[in-house]
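Here is the input, now give the coordinates:
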Amino acid sequence: MSFSKDINYKTSEMGQTKIHKVKWVIPQINKLFQSSTHKELRSDAYENILGDNDSTFNLKIKLLGRENDIMEIYYLYPKTIFLKTVLITNLNQFQDQLLVQNEFATIEANSWQYLFTLFKRDIIAAKGKESILQSNGSLSLQFEFYIRTDVNVAYKNVSLERLSCDFESLLHSESFFDVIMKSSDGYEYKVHKAILAARSEVLKANFQHNTLECQTNILESPFESATLSAVINFIYSGKIVKIDEIPESLLVAANYYQLKELKNLCEEALHSKLTVDNVIETLKLADLYSAEILKQKCLEFIKNGQAKLIVKTEGWAKEESGELIKLIYKYVIDDGKD
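Below you'll find the model as predicted:
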């Protein structure tokens, strides 16, 4: 039983994004569920009409369960890329249904990536329920892969543009400053109590009581100048610099000063840079500093077909935390159940 002839592949350009659209029609899906031999279905052997054979997406379906009632969908690409994925089922000529949409993230080259799980009960619905099959009994899956050539993390300013520029100018002019922040490597920044207190509850606490900082108007920071200067710039302007260079230390600083928006941006930056080699260290960082969104993304990355590769990395070999290993096991093997 061959399905490769039912693959259609199209590519287009949109700005800095290259869009690959692959339509996979699997005829007589009911026979596939009843088959005792077909446990895995691949789309590797198809003709790419663009002639770009070294950069096409391959697809795979794995049938699981005693009665082939679980269908896991995977994809593979021959290069490491920054990718957004969309999976749609075509119900008929005029109606589609979105199954899943994953935002941009780094995808490893030549490594099967988990995309979505379909269940037989959803594909072949019981009487009276809506089925996602076409009228001829075929399952039509449309994959949309968006590859970005620019992998810089996108962000939005948290302040109005004019207000942001005005406060940034105030910072750089050092006008009317009333407190000095010192980095751990000796750099000094002339800043303003009112702005620091308005943006960070941690910094605000330094000026509310009879503390040494309140008496001397000097705040000692545990962070080096590269990190502290970026944090201060964010406090004043809502703009974040160096997030692609030092996202780890900025995450730690954002957590320390309770800067929620900055912390969210750092989690997004670290998520976009996840690889097989760095996911364990990133998970440890997320767990240590309560970066729950990043922690979840790391666990999903490990679970989605990456575990066998990750256990061969240096980061895994050096990992000694039983709690972290237990966390990974619980999520990957036990589906997060208690």
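
per-residue confidence for residue 117?
With respect to pLDDT, residue 117 scores 88.

Going forward, count from 615.
Done: numbering now begins at 615, and the last item shifts to residue 731.

Confirm for me that it is in contact with residue 687.
Yes - counting by CB atoms under 8 Å, residue 731 does reach residue 687; the two are 7.3 Å apart. All C-beta atoms are positioned from the backbone trio N, CA, C, and that covers glycine.

More neighbours: the two, which one.
Neighbours were counted for residue 731 and for residue 687 using other CB atoms under 10 Å; residue 687 has more, 21 against 14.

so that one touches residue 671, yeah?
No - Residue 687 is beyond contact range of residue 671, at 12.0 Å (criterion: CB under 8 Å).

which residues do those two both contact?
Residues within reach of residue 687 and of residue 671 at once, by CB atoms under 8 Å, 6 or more residues apart in numbering: there are none.

burial measure for residue 894, as a count.
Neighbours of residue 894 (other CB under 10 Å): 24.

pretty sure it is in a strand, no?
No - counting by DSSP: H, G, I helix; E, B strand; the rest coil, residue 894 is not found in a strand; it is helix.

That one and residue 939, how far apart?
Counting by CB to CB, to the nearest Å, the gap from residue 894 to residue 939 is 10 Å.

Ok, residue 848 next?
Using CB to CB, residue 848 is found at 35 Å from residue 939.

And for residue 738?
39 Å.

try residue 912
14 Å.

got it, and residue 891?
18 Å.

Residue 677 now?
30 Å.

of those two, who's got more company?
residue 677 (18 against 13).

After the strand or helix carrying the more buried one, which helix or strand is next?
Assigning secondary structure by DSSP states H and E places residue 677 in strand 672-678. Using DSSP H and E, the next helix or strand after strand 672-678 towards the C-terminus is strand 684-690.

by contact count, what packs against the strand or helix carrying residue 637?
According to DSSP H and E, residue 637 maps onto strand 631-640. Packing contacts for strand 631-640, counted by 3 or more CB pairs under 8 Å, 6 or more residues apart in numbering; DSSP states H and E, involve strand 621-628, strand 672-678, strand 753-762.

tell me the most buried of these?
Comparing the helices and strands packed on strand 631-640 by mean neighbour count (mean count of other CB atoms under 10 Å), strand 753-762 ranks first with a mean of 20.

Mind listing residues that contact that strand?
In contact with strand 753-762 (CB under 8 Å, 6+ apart) are residues 630-640, 643, 671, 673, 687, 689, 691, 695-705, 710, 718, 729, 737, 746-748.

What segments of the stretch 815-952 of the chain are strands?
Along the stretch 815-952 of the chain, counting by DSSP state E, counting those that start in this stretch, strands occupy 832-834.

any chance you could map the helices in it?
815-819, 826-830, 839-851, 861-870, 874-886, 893-902, 906-917, 921-924, 928-932, 936-946 (DSSP state H, counting those that start in this stretch).

Show the end-to-end separation of stretch 857-866, please.
12 Å (CA to CA, to the nearest Å).

That one - what's its average pLDDT?
93.

Show me which residues of it are buried.
Neighbour counts over stretch 857-866 (16 or more other CB atoms under 10 Å) mark 857, 860, 861, 862, 863, 864, 865, 866 as buried.

Redo those as TSV? Include distance to residue 757.
TSV is the format used below for the buried residues of stretch 857-866 (distance: CB to CB, whole Å):
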residue	distance to residue 757
857	31
860	35
861	30
862	33
863	38
864	35
865	33
866	38
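
Nearest to residue 802, out of those residues: which one, please.
residue 863 (19.2 Å; CB to CB).

shouldn't that closest one be in contact with residue 842?
No - the pair residue 863 / residue 842 is not scored as a contact, 9.6 Å apart, by CB under 8 Å.

Now do the shared contacts for these two.
With CB under 8 Å, 6+ apart, residue 863 and residue 842 have no common neighbours.

Find the nearest non-adjacent residue to residue 735, please.
Distance criterion CB to CB, 6 or more residues apart in numbering; nearest residue to residue 735, sequence neighbours excluded, is residue 683 at 7.2 Å.

my guess is the one you found contacts residue 732, does it?
No - in this structure, residue 683 is not within contact of residue 732 by CB under 8 Å, at 9.8 Å.

So for those two, which residue has more residues nearby?
Neighbours were counted for residue 683 and for residue 732 using other CB under 10 Å; residue 732 has more, 20 against 15.

Torsion angles phi and psi at that one?
Note on residue 732: backbone dihedrals following degrees, to the nearest 10 are phi -110, psi 150.

what do you get for the one 4 residues further on?
Dihedral angles of residue 736 (phi, psi; degrees, to the nearest 10) stand at phi -90, psi -30.
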